[in-house]
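Engineer: Compute the structure for the input listed below.
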Amino acid sequence: MRKLNILLLVALALLTACHEPDYISPTADRQGLTSLTAIFTSGPFVNQEMGKLSIGEEMGDKLVIPIPWFYPETSDDETTQYMSNVRVQAELQENCFIEPALTVLDLTKENYFTYTNAQGDKKKICITGERVKSNKCEMLGFSIQNPAISGIVDKANKKISIISVDNLSSCLATAQISTHATISPDPSTLRSYEEPVEFTVTAHDGTTSEKYTVVKETPEKIASGFSKESLEKLFNFDPVATLGLPSYSKYAAPSMASLGGNLVVCLGNGATPIYLNQITGAKLGEINLGSAVACSVTSDESENMLIVNQANGSETVKIYRTSSVKQAPELFYSFKNETSLPMGYKMKVIGSIGGDAIIVLPNVGIDGATASSQFTCVTVKNGTPVGTNVVDLSSQGISWGSAPVNMGGIVAASTNISDGFIESHYPSSSKFYWIKGDGSIGASLDDDSSGWGLNANNLDSKRFNNVNYVALLVGSHFPHWGMGPQLYLFNINDKTQLTGGNVWSCPALAFSNNNIEWYQQANAGYASGDVLIAPSKDGFKLYIYYYDHNSGVVGGYSADCIKR
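Structural biologist: The predicted structure is shown next:
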């Protein structure tokens, strides 16, 4: 009987081993090959995406990956040299295959493969590439010269509003348009803007075009804040490959300012700050630093840039001001650092230094010696600095380390010092704090959504269209471990909305992006960065910029408050 049982078990095992698995039909109804991505294999943008083909329901036999004529699009660097050695990746659904496997291809030639879908059907396909000229034809900015007036671009309605009571019967103008596009008629020719003027922007491809009308008027604003439908990403790129800035392993204490259509980037490492086109991110040159020494920079709500030196305890702090990247800055205010700790890093301002403003300078800790719980405020009234005061948070158990990675980020909540301050820093045991004017803690939220690996010490605050905003950039300590930067913007008019336990689900949140694409994924370096809120002088546009040095990314958004 025992022998019979063993024989039955063996037979059952053999039958089971010979049984073919059941066929599981695919759950997706659409095409199994959804995209092809071309990736650089050489040059400064190695391992970055060069071009992408999205494939719809009906897939043809020939798949042509569009490659931009220039890369980056804002440059004059043609992509011809990269076309013959491109890594191609396919996005395939389950049970779909391409044979032979995709590797490095010459996209100037036709490359043949066999594609097998989830049902087992086979198809011969050809993969190649084609350089294409841009079809972008946007009006990005428009300015009148003498008198100097920046137009308000309403992209949705293809209209530029010139807000002025001056006589505009004979004016020169400049236009910012999509890279490599052309504009007609030439705005640099004298003409009248007393009546509407139509311009045509034609893309680099020579066929795609849009008409824009310049109108002397004042557009109507929404009641408060920015229009969410106007929010758009301006750029997001690698500052090392694109701008030639230092890599993650080199010391940098980034800070930014915005003025006159330019985004200024200061590295805090002794180098002269550079300036970029604030719409495209294209590098334009170095600022005129004059006699100022730039530890950090920032800008106010009237497009004035402030520049400050690094000053140790008892040394002199010098804050310079300018309204032009080409004009040497003038000394705005100097004072003695009344603390024993250094300052000059992460200077921030809310308000206008031509009116009322509060400038905040965190004091930083000293490695191996002491942490810091202090920051210094400069109060500006009617365009004149009226003194400084040192705020100490040690009684609240709040302290931070040295610059630029371990220090705290601190901003004033409004131009009224009694409204208090916002503070945040690394490590993860810290919080996003609202500190009341009396020094007590009004609210505290968890300040990043992954816990221990991010650095939440980048803050800025500004007023825009009747709203006090605070921006938080959470940088990454470990971008090579899949931890990327996160961006948050809060409306703090009603500070009772600073609830919910964390910044990513707080009711005061006006905008967020916790999935910013970053470009440095090799290792850990200096986890420093900055975030900037930059309202335009006319009060119609709002810009938000971010820089994560360790993750290797600089980017920006824009929005407006035009009622549509």
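Engineer: wouldn't residue 129 be in contact with residue 110 here?
Structural biologist: No - taking contacts as Cβ atoms under 8 Å, residue 129 lies outside contact range of residue 110: 9.9 Å. In this view, the C-beta of every residue, glycine as well, is placed from N, C-alpha and C.
Engineer: Who has more neighbours out of the two?
Structural biologist: More neighbours surround residue 129 than the other of residue 129 and residue 110, with 28 against 13 (other Cβ atoms under 10 Å).
Engineer: which of the residues in the helix or strand containing that one are buried?
Structural biologist: Element membership for residue 129, per DSSP states H and E: strand 122-132. Residues of strand 122-132 classed as buried under the neighbour-count rule (16 or more other Cβ atoms under 10 Å) are 125, 127-129, 131-132.
Engineer: how many other residues sit next to residue 389?
Structural biologist: Residues lying near residue 389 (other Cβ under 10 Å) number 11.
Engineer: That one against residue 376, yeah?
Structural biologist: Yes - with contacts counted by Cβ under 8 Å, residue 389 reaches residue 376, the gap being 7.4 Å.
Engineer: Span of stretch 154-161 from start to end?
Structural biologist: 8 Å (Cα to Cα, to the nearest Å).
Engineer: List of residues touching that stretch?
Structural biologist: Here stretch 154-161 makes contact (Cβ atoms under 8 Å, 6 or more residues apart in numbering) with 138-139, 142, 151-153, 210-219, 229-230, 560, 562, 564.
Engineer: With stretch 64-77 instead?
Structural biologist: For stretch 64-77, the external contacting residues (Cβ under 8 Å, 6+ apart) are 36-38, 45, 50-53, 78-79, 82-83, 88, 107, 127-134, 136, 179-180, 204, 237, 242, 277, 280-282.
Engineer: ends of it, how far apart?
Structural biologist: The first and final residues of stretch 64-77 sit 22 Å from each other (Cα to Cα).
Engineer: Skipping adjacent residues, who's closest to residue 370 in space?
Structural biologist: residue 341 (7.4 Å; Cβ to Cβ, 6 or more residues apart in numbering).
Engineer: Tell me the secondary structure at that neighbour.
Structural biologist: Under the three-state scheme (DSSP: H, G, I helix; E, B strand; the rest coil), residue 341 adopts coil.
Engineer: Starting from residue 308, give me the distance back to it.
Structural biologist: Counting by Cβ to Cβ, to the nearest Å, the gap from residue 341 to residue 308 is 15 Å.
Engineer: between the two, who's got more neighbours?
Structural biologist: With neighbours defined as other Cβ under 10 Å, residue 341 and residue 308 compare such that residue 308 has more, 28 against 22.
Engineer: The more buried one touches residue 346, doesn't it?
Structural biologist: No - using Cβ under 8 Å, residue 308 is not in contact with residue 346; the gap is 9.9 Å.
Engineer: joint contacts of those two?
Structural biologist: Joint contacts of residue 308 and residue 346 (Cβ under 8 Å, 6+ apart) are 296, 361.
Engineer: which stretches of this structure have low pLDDT?
Structural biologist: For the chain, the stretches flagged by pLDDT under 70 are 1-31, 428-429, 449-451.
Engineer: how close does residue 485 sit to residue 458?
Structural biologist: Per Cβ to Cβ, residue 485 is found 9 Å from residue 458.
Engineer: Quickly list what's touching both of these two.
Structural biologist: Listed as contacting both residue 485 and residue 458 by Cβ under 8 Å, 6+ apart are 473-475, 529, 546.
Engineer: Just give me the closest of those to residue 195.
Structural biologist: residue 546 (40.8 Å; Cβ to Cβ).
Engineer: ok, now which ones touch the closest residue to residue 400 other than its chain neighbours?
Structural biologist: Nearest in space to residue 400, with sequence neighbours left out and distances taken as Cβ to Cβ, 6+ apart, is residue 408 at 3.8 Å. With contact taken as Cβ under 8 Å, 6+ apart, residue 408 is in contact with 362, 372, 375, 398, 400, 423-425, 457.
Engineer: need the buried residues of strand 122-132 in TSV with distance to residue 296, can you?
Structural biologist: Shown next, in TSV, are those (distance: Cβ to Cβ, whole Å):
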residue	distance to residue 296
125	54
127	49
128	49
129	44
131	42
132	41
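Engineer: Paired strands for the helix or strand hosting residue 334, with orientation please.
Structural biologist: Assigning secondary structure by DSSP H and E places residue 334 in strand 330-336. The strands beside strand 330-336 in its sheet (DSSP bridges) come out as strand 316-322 (antiparallel).
Engineer: Against residue 42, how distant is the residue nearest to residue 552 when sequence neighbours are not counted?
Structural biologist: Nearest residue to residue 552, sequence neighbours excluded (Cβ to Cβ, 6+ apart): residue 520, at 3.0 Å. Using Cβ to Cβ, residue 520 is found at 18 Å from residue 42.
Engineer: In terms of neighbours, single out the busier of those two.
Structural biologist: residue 520 (24 against 10).
Engineer: Please tell me I have it right and that one contacts residue 246.
Structural biologist: No - shown here, residue 520 and residue 246 do not form a contact pair, counting by Cβ under 8 Å, at 11.4 Å.
Engineer: any common contacting residues for these two?
Structural biologist: Shared contacts of residue 520 and residue 246, defined by Cβ under 8 Å, 6+ apart, comprise residue 240.
Engineer: quick one: what helix or strand has residue 50 in it?
Structural biologist: Per DSSP H and E: strand 49-54 holds residue 50.
Engineer: Could you list the paired strands of that strand along with their orientation?
Structural biologist: Using DSSP bridges, strand 49-54 pairs in its sheet with strand 33-40 (antiparallel).
Engineer: Need the contact partners of the partner strand.
Structural biologist: Residues outside strand 33-40 that contact it (Cβ under 8 Å, 6+ apart) are 46-55, 59, 63, 65, 67, 82, 86-93, 96, 98, 107, 115, 117, 127, 129.
Engineer: Strand partners (parallel or antiparallel) of whichever helix or strand residue 470 is part of?
Structural biologist: In this structure, residue 470 sits in strand 467-476 according to DSSP H and E. Applying DSSP bridges to the sheet, strand 467-476 is found paired with strand 454-464 (antiparallel), strand 486-491 (antiparallel).
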